[in-house]
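[1] One predicted model, sequence on top.
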Amino acid sequence: MPERDPIDRLKRGVYFGLALAGTFSLVIGYVVLTHPTRENELLLVYAALLVVVAFAVAVGAPTRWVERFALAITALFFLVMTWLNLHGIGHGAGVWPPLLWGGLVYLLAYVLFPPKQAYAFAWRYYVVLLLGGLVALQLGRAHGPLRGEQINDTLQILLSNLGYLWVSRVLVAFGLRAEADRAQARQMQKLVDTDALTGCLSRRRFLEEAEALLQSGRTGSLILFDLDNFKQINDTYGHPTGDRVLMRSVQRTLHNLREEDRLGRLGGEEFAVLLPGVGLEEALQLAERLRRALEAPSDDGPPATASFGVVETGWLNSTSELLARADRALYRAKHAGKNRVAAAQG
């Protein structure tokens, strides 16, 4: 089984602890009742369901399933208990201790749903609780107008839930702010990691990937290629056409790569392909396929060829040495007539 995310482990630990604590408090609450009624048996029903939650966490059930089940049974339990308590207040009963846990419904909704959905759920839950509770209170009135203690108990229940709702609104605001910050961070990271024109890796990000491959000690190869006579294409057809040639070259290159391969733009019309787990001979064959793919005619601009330098990572220890050896091979391909592949020597 893959190792769980630390946040996921923390959440599961909290759910397990709360389920056990809730079960214990519910059982104690039922045991100490002098004259338990049929309504009080709901305490044991909810306790049994919390045991199911704890068991699900213990056996490794998906966290999402645990959260949804816990929220469903908790919301239903507190709705019914609140209505029954308000009905009982009409007969002179006080606030039932289990309702002290009612705020968990709002917190569970915030944990389970995205911020806006959590707040919408919390509002709907409170409206149902309020309307149903007022009806239950009215039906439970036994002797005329409510006394001061009954009014106080009613307000304590309804206003405490309203307070939980307001607190959940604050949590939602923080959640939305955190979502916006994460989205901005992802966007900034994308700008740093990718080339704005072609969408392939930036030079910095590509070199990080190459360094990681070198440090891992795995076999690998690097293909460095440069579009031939690209300045002439820009001067003759204009930079917009040159940009289209660059994007076309990237698309054709990506079409020939594996999912684990990495393509980066090192600058101008110079690109590099990192090939984890690929030896020199296989890399040379791929470079030849790329060369033929790039020189193929196109309807969206002038043809373009490229020269390639190929090097195996082997015993190399730095990206600067890796690029230097690939660059020397590329230089030989250029001076041998361009539109060809050369392997690093030595």
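    It's in.
[2] In which helix or strand does the residue nearest to the spatial centre of the chain reside?
    The structure's the chain has its C-alpha centroid closest to residue 182; by CA atoms, centre = their mean the separation is 10.0 Å. Secondary structure from DSSP states H and E places residue 182 in helix 148-193.
[3] Residues contacting stretch 79-99, please?
    For stretch 79-99, contacts defined as CB atoms under 8 Å, 6 or more residues apart in numbering pick out 25-26, 29, 39, 42-43, 78, 102, 125, 128-129, 132-142, 146, 149-150, 153-154, 156-157, 161. For the C-beta atoms, the positions are set from N, CA and C on the backbone; glycine is no exception.
[4] ok, of those, which come out buried?
    Taking 16 or more other CB atoms under 10 Å as the criterion, what is buried in those is 25-26, 29, 42-43, 78, 102, 125, 129, 132-133, 136-137, 140, 146, 150, 153-154, 157, 161.
[5] quick one: the helix or strand bottoming out on mean pLDDT in the chain to chain centroid distance?
    Sorting the helices and strands of the chain by mean pLDDT, DSSP states H and E puts helix 148-193 at the bottom, at a mean of 79. Put simply, helix 148-193 sits 20 Å off its chain's centre (CA atoms, centre = their mean, to the nearest Å).
[6] looking only at pLDDT, what's the mean for the helix or strand just after that helix?
    Next along the chain after helix 148-193, taking DSSP H and E as the criterion, comes helix 203-216. The pLDDT scores in helix 203-216 average 91.
[7] Which neighbouring elements make contact with helix 203-216?
    helix 148-193, strand 262-267, strand 270-276, helix 319-335 (3 or more CB pairs under 8 Å, 6 or more residues apart in numbering; DSSP states H and E).
[8] want to throw these into JSON lines with distance to residue 54?
    Formatted as JSON lines, the helices and strands packed on helix 203-216 follow (distance: least, CB to CB, whole Å):
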{"stretch": "helix 148-193", "distance to residue 54": "24"}
{"stretch": "strand 262-267", "distance to residue 54": "45"}
{"stretch": "strand 270-276", "distance to residue 54": "44"}
{"stretch": "helix 319-335", "distance to residue 54": "51"}
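[9] Give me whichever of these is most buried.
    Across these, the average number of neighbours (mean count of other CB atoms under 10 Å) peaks for strand 270-276, which reaches a mean of 23.
[10] any idea of the angle that one forms with helix 203-216?
    30 degrees (axes from the mean of the first three to the mean of the last three CA atoms, to 10 degrees).
[11] what pairs with strand 270-276, and is each one parallel or antiparallel?
    Sheet pairing of strand 270-276 (DSSP bridges) gives strand 220-227 (antiparallel), strand 262-267 (antiparallel).
[12] Mind listing what's buried along whichever helix or strand comes after it?
    Once the chain leaves strand 270-276, the next helix or strand it forms, by DSSP H and E, is helix 280-295. Neighbour counts over helix 280-295 (16+ other CB under 10 Å) mark 280, 283, 284, 286, 287, 290, 291, 294 as buried.
[13] With stretch 206-223 instead?
    206, 207, 208, 209, 210, 213, 214, 219, 220, 221, 222, 223.
[14] List the contacts of the first one.
    The reference is to residue 206. By CB under 8 Å, 6+ apart, the neighbours of residue 206 are 262, 263, 264, 265, 266, 272, 274.
[15] separation between the last one and residue 306?
    It refers to residue 274. 17 Å (CB to CB, to the nearest Å).
[16] Repeat that for the third one.
    Using CB to CB, we find residue 264 at a distance of 15 Å from residue 306.
[17] same deal with the first one?
    Counting by CB to CB, the separation of residue 262 from residue 306 is 18 Å.
[18] likewise residue 160?
    Distance of residue 160 to residue 306, given as CB to CB: 71 Å.
[19] try residue 224
    Per CB to CB, residue 224 is found 10 Å from residue 306.
[20] next one: residue 229
    10 Å.
[21] Same check on residue 87?
    Residue 87 is 81 Å from residue 306, by CB to CB.
[22] And the two? Which one has more around it.
    residue 306 (26 against 20; other CB atoms under 10 Å).
[23] which residues touch the more buried one?
    Contacts of residue 306 (CB under 8 Å, 6+ apart): 225, 226, 227, 228, 249, 290, 291, 294, 295, 339.
[24] shouldn't the second one be in contact with residue 266?
    No. Assessed by CB atoms under 8 Å, residue 226 is found out of contact with residue 266, at 9.2 Å.
[25] Overlap of the contact sets of the two?
    Contact with both residue 226 and residue 266 is made by no residue, according to CB under 8 Å, 6+ apart.
[26] wait, doesn't residue 218 sit right on residue 274?
    No. With contacts counted by CB under 8 Å, residue 218 stays clear of residue 274, the gap being 11.1 Å.
[27] ok so, going back, among the contacts of stretch 79-99, which are in helices?
    25-26, 29, 42-43, 78, 125, 128-129, 132-140, 149-150, 153-154, 156-157, 161 (DSSP state H).
[28] Just put the buried residues of helix 280-295 in JSON lines and tack on pLDDT and distance to residue 110.
    Listed next are the buried residues of helix 280-295 as JSON lines, based on pLDDT from 0 to 100; distance: CB to CB, whole Å:
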{"residue": "280", "pLDDT": "93", "distance to residue 110": "55"}
{"residue": "283", "pLDDT": "94", "distance to residue 110": "51"}
{"residue": "284", "pLDDT": "95", "distance to residue 110": "56"}
{"residue": "286", "pLDDT": "95", "distance to residue 110": "50"}
{"residue": "287", "pLDDT": "95", "distance to residue 110": "53"}
{"residue": "290", "pLDDT": "96", "distance to residue 110": "51"}
{"residue": "291", "pLDDT": "95", "distance to residue 110": "56"}
{"residue": "294", "pLDDT": "94", "distance to residue 110": "53"}
